[in-house]
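**Q** Using only what follows, build the 3D model:
(one chain, ligands or ions: 3)
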Amino acid sequence: MQSLGGIRSWPATWRTTTASMMTTTTTESVRKVAQVLTVAGSDSGAGAGIQADIKVCAARGVYCASVITAVTAQNSRGVQSVHLLPPDFVSEQLKSVLSDFEVDVVKTGMLPSPEIVEVLLQNLSEYPVRALVVDPVMVSTSGHVLAGSSILSIFRERLLPVADIITPNVKEASALLGGVRIQTVAEMRSAAKSLHQMGPRFVLVKGGDLPDSSDSVDVYFDGNEFHELHSPRIATRNTHGTGCTLASCIAAELAKGSPMLSAVKVAKRFVDTALNYSKEIVIGSGMQGPFDHFLSLKDPQSYRQSTFKPDDLFLYAVTDSRMNRKWNRSIVDAVKAAIEGGATIIQLREKEAETREFLEEAKSCVDICRSNGVFLLINDRIDIALACDADGVHVGQSDMPVDLVRSLLGPDKIIGVSCKTQEQAHQAWKDGADYIGSGGVFPTNTKANNRTIGIDGLREVCKASKLPVVAIGGIGISNAESVMRIGEPNLKGVAVVSALFDQECVLSEAKKLHKSLTESKREH
Ligand SMILES: Cc1ncc(COP(=O)(O)OP(=O)(O)O)c(N)n1
Ligand SMILES: Cc1nc(C(=O)O)sc1CCOP(=O)(O)O
Ligand SMILES: [Mg+2]
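**A** Numbering: from 1, shown residues only. Ligands and ions are numbered 1, 2, ... in the order given. Predicted structure coming up:
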């Protein structure tokens with residue numbers, strides 16, 4: 001099995017997530033759809049199992065094929081009955097999919113018998129995939145045994161050694177380790193280490209069931225380092241299927257090319273956001289309701305019709321309160337003119353604005369941007385971004401840390417971060433940012449005491465960055481071409497303040513800059 005190795009294994013490709021399906025575009029313009037195959041049980045209540053796996057992959061823009069190992073009769077009250085499929089038939093399903101589709105990642109859920117694990121391993125050796133995510137499902141949340149102790153030895157000896165990541169909860173981790181006590185985070189760490197010795201490349205021990213903790217803590221171990229992933233515990237009955245959802249979301253993110261830790265963080269964020277969004281819905285009369293994987297579709301206001309693409313950074317207009325005052329124009333008029341002139345993304349950078357007034361203006365700008373299909377980001381102010389439902393934020397190195405911003409804004413908002421060094425660029429990627437703003441490329445009067453990194457500094461950041469980059473600082477019509485000419489494939493555009501807004505006519509300056517950028521793009 002070819003492993004992900006913690007790094008992207010499709011070089012020179014960009015994630016270009018569309019509303020419906022994840023594709024990667026290579027330089028030859030071949031579109032490859034990211035694909036997961038789930039090998040799991042069917043849940044008639046559709047909160048967990050195959051049904052949850054397909055929903056989460058669809059919600060994350062990834063195609064999901066399904067091989068059913070067992071059919072369960074279950075609902076929000078529990079599991080009433082289980083019917084295992086014959087191993088030969090499971091094998092036929094596996095062959096059908098693996099011999100035809102280009103599956104990137106296989107995710108396993110309920111593997112109810114050693115014979116079924118055997119046929120899975122056989123098929124994986126015949127049809128290798130890029131990664132194997134093993135959710136070692138043993139007992140349903142309602143307490144029904146879904147895979148008995150007969151499964152343990154083949155899990156330990158054959159399945160875990162070929163897994164890229166395993167995602168047991170504390171009960172499953174304990175069962176795999178012969179019944180050790182796991183009641184504290186320290187014991188989860190020790191369990192993760194022991195499980196890692198059984199062969200999986202990464203281990204995520206989920207602490208949702210730990211007693212007496214206000215946080216939900218998961219322990220991630222990569223063989224060298226531990227990471228504790230914390231999130232607030234969400235008070236809801238609608239937790240049925242969280243384990244399947246987490247593992248499938250990890251698989252979906254890996255299929256798109258994410259490194260393991262990023263995939264795990266995105267998946268945890270996705271589950272937390274979905275649980276929070278669905279905490280009051282009522283489906284079924286039992287103790288364990290399903291939740292809503294398509295949370296964003298429910299709220300057209302907060303659902304972005306299309307998702308962020310690197311090319312959105314092409315002509316990035318950043319507003320400035322002092323300049324608007326000087327030229328006696330409102331933020332709204334400034335934004336309208338910039339969009340009309342060709343700006344492809346807008347950032348409201350209103351350093352001196354009063355909160356109440358800024359919020360009202362930001363709401364109007366959200367409406368304008370949305371009706372023009374242009375994303376609107378807010379500089380620094382996470383509170384304003386949340387309150388006006390902006391598409392995202394831009395933060396700097398001394399603003400709120402990106403991973404915390406992500407946990408506040410959820411998985412789908414755009415987060416940009418300013419980086420002047422290669423280390424900052426690495427960190428931005430790890431923390432889950434969507435793009436990097438890098439500068440000052442040239443000296444600027446707009447931002448006081450800003451360090452100029454020059455064209456060479458920009459090039460260094462681009463080379464180190466796995467994220468798309470927009471250049472900023474002292475850029476205008478006279479020098480935009482020279483910036484884009486550095487030819488780094490992930491340099492996607494320029495961000496400008498004074499070149500648009502410290503001018504008499506924003507519209508005509510935006511048009512001129514757009515034209516010059518388009519010409520320089522055509523030439524390279
Ligand atoms: C696109 C873009 N890049 C960089 C910055 C600068 O952000 P930051 O470092 O937080 O400085 P302030 O803008 O807050 O002064 C930006 N705003 N946009
Ligand atoms: C807001 C900002 N950030 C910078 C950075 O280097 O991160 S430079 C800058 C100001 C850019 O304004 P102008 O286009 O007028 O030079
Ligand atoms: Mg800032």
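
**Q** From now on I want contacts and neighbour counts done on CA atoms only, so please keep to that.
**A** Noted.

**Q** how distant is the longest strand along the chain from the center of its chain?
**A** For the chain, the strand with the greatest residue count under DSSP state E is strand 63-75. In terms of C-alpha atoms, centre = their mean, to the nearest Å, the centre of strand 63-75 is found 25 Å from the chain centre.

**Q** what packs against the helix or strand following that strand?
**A** Per DSSP states H and E, the first helix or strand lying C-terminal to strand 63-75 is strand 78-84. Here strand 78-84 touches strand 63-75, going by 3 or more C-alpha pairs under 8 Å, 6 or more residues apart in numbering; DSSP states H and E.

**Q** Name the strands paired with the strand it packs on and say parallel or antiparallel.
**A** strand 35-43 (parallel), strand 78-84 (antiparallel) (DSSP bridges).

**Q** These into CSV, with extra columns for mean pLDDT?
**A** Converted to CSV, those look like this (pLDDT from 0 to 100):
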stretch, mean pLDDT
strand 35-43, 97
strand 78-84, 92
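
**Q** what's the domain layout of the protein?
**A** Annotated domains of the chain cover 2-7+32-277, 302-523 [automatic domain parsing].

**Q** what is the mean pLDDT for the last one?
**A** This means domain 302-523. In this model, domain 302-523 has an average pLDDT of 93.

**Q** Once you drop chain neighbours, what's closest to residue 194?
**A** Residue nearest to residue 194 in three dimensions, not counting chain neighbours: residue 177, with 7.6 Å by C-alpha to C-alpha, 6 or more residues apart in numbering.

**Q** What values do phi and psi take at the residue nearest the centre of the chain?
**A** Nearest to the geometric centre of the chain sits residue 266, at 4.2 Å (C-alpha atoms, centre = their mean). Dihedral pair for residue 266: phi -60, psi -40, per degrees, to the nearest 10.

**Q** Quick check: nearest residue in space to it, chain neighbours excluded?
**A** Nearest to residue 266 is residue 411, by C-alpha to C-alpha, 6+ apart, at 6.7 Å.

**Q** And the one you found, its phi and psi?
**A** Given degrees, to the nearest 10, the pair of backbone angles that residue 411 has is phi -70, psi -20.

**Q** residues making contact with stretch 467-474?
**A** Residues from elsewhere that reach stretch 467-474, judged by C-alpha atoms under 8 Å, 6 or more residues apart in numbering: 310, 313-314, 316, 429, 433-445, 452, 458, 462, 483, 490-496.

**Q** Write a ChimeraX command that selects only the buried members of those.
**A** Restricted to buried positions by 16 or more other C-alpha atoms under 10 Å, the ChimeraX selection for the contacts of stretch 467-474 reads:
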select :310,313,314,316,429,433,434,435,436,437,438,439,440,441,442,443,444,452,458,462,483,490,491,492,493,494,495,496
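
**Q** Just the contacts of stretch 467-474: which are in helices?
**A** Among the contacts of stretch 467-474, the members falling in helices (DSSP state H) are 429, 458, 462, 483.

**Q** the strands in the stretch 201-350 of the chain, which residues?
**A** Remark: strands assigned in the stretch 201-350 of the chain by DSSP state E, counting those that start in this stretch are 202-206, 215-221, 226-232, 315-318, 345-348.
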